[in-house]
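S.K.: What follows is a predicted structure for the sequence shown.
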Amino acid sequence: MGRGLSRVLAVASNTFRETVRERVLYNLVFFAILMTLSGLLLGQLSIRQDEKIIKDLGLASMDFFGTLIAIFVGVGLVSKEIERRSLFPLLAKPVTRDEFLAGKFAGLVFTVTVNVAAMAAGMYLTLLATGRRLDPVLLEAVYAILLGLAVTIGLALLFSVFASAALAAVCTVCLVVAGRFSDVVRNMQDMVPGAPRWLVHGLYYALPPNLDLKDAVVYGDPVTAADLGWMTARAAAYLAVVLGVAVAAFRRRELT
């Protein structure tokens, strides 16, 4: 158990070092910082809504650019290793395929967490520079964003096991976008009379959970500990299924 964990951490550490060197990662972080700082300019142009604009823009930047990082780096976690044939000597060592996938997932989750933390710090610095209060409630939305990004990374990893990086990216984007409208799917039975309940429920739970708290936090809607707990449980359950399928598929994949 201890040796297995150390191997997972070694793969995760190597993944983190590789992803921070990706040119696309620096570009996305650069634009995310620009987006956050532009909140300062928009805040100066608006009346009484400047603080909300900065918060809205900062959280939206974290979500959008974090999702891009999760998808376009995540889909290459397995496929690039196979194409470069760097996976074979790694698996020849005492590293199982399960440990390899777990390490890749953990490494990219850590990378995204570091980048979201940097974006959150930028947003708070923007609020501080404009004389606004540092609202700790914003961290609830940041936490929800991180949960959503972990789910996105899991999906990207799953599709990278089955397909090329390009196809995996398309599939991940489609499923992530569809997940943003999962609440619409849940209410489909009211909008489409006669729709089978089992089909509606099956489709709803097949889509990634909608973990968006940005509007609720920015506009002062209450978010309870129970709400955060339920979101965490849903994200964890969905991730367990996605990663379980990814592991099962990777075990059976022929590597040539």
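M.R.: Cool, got the structure.
S.K.: buried stuff in stretch 126-135?
M.R.: Neighbour-count burial for stretch 126-135, with 16 or more other CB atoms under 10 Å as criterion, is recorded at 126, 127. Heads up, the C-betas are built off the backbone N, CA and C, glycines and all.
S.K.: Would you mind writing the CA trace of that stretch as CSV?
M.R.: Extracted in CSV, the C-alpha atoms of stretch 126-135 (Å, rounded to 0.1, in the frame of the first residue of the first chain):
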residue,chain,number,x,y,z
THR,A,126,-7.9,43.4,-7.6
LEU,A,127,-10.6,43.8,-5.0
LEU,A,128,-8.1,45.1,-2.5
ALA,A,129,-6.6,47.5,-5.0
THR,A,130,-10.0,49.1,-5.6
GLY,A,131,-10.8,49.4,-1.9
ARG,A,132,-13.3,46.6,-1.8
ARG,A,133,-13.6,44.2,1.1
LEU,A,134,-12.1,40.7,0.8
ASP,A,135,-15.2,38.6,0.8
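S.K.: That stretch: how far from the chain's middle?
M.R.: With CA atoms, centre = their mean, to the nearest Å as the basis, stretch 126-135 stands 27 Å off its chain's centre.
S.K.: Repeat that for stretch 68-85.
M.R.: Distance of stretch 68-85 from the chain centroid (CA atoms, centre = their mean) equals 15 Å.
S.K.: Give me the buried positions along that stretch.
M.R.: In stretch 68-85, counting by 16+ other CB under 10 Å, buried: 68-79, 81-82.
S.K.: ditto for stretch 108-122
M.R.: Buried residues in stretch 108-122, counted by 16+ other CB under 10 Å: 108, 109, 111, 112, 115, 116, 119, 120, 122.
S.K.: check which helix or strand covers the closest residue to the fourth one other than its chain neighbours.
M.R.: Take residue 112 and drop its neighbours on the chain: the residue closest to it by CB to CB, 6 or more residues apart in numbering is residue 149, 5.0 Å away. Under DSSP states H and E, the secondary-structure element containing residue 149 is helix 138-162.
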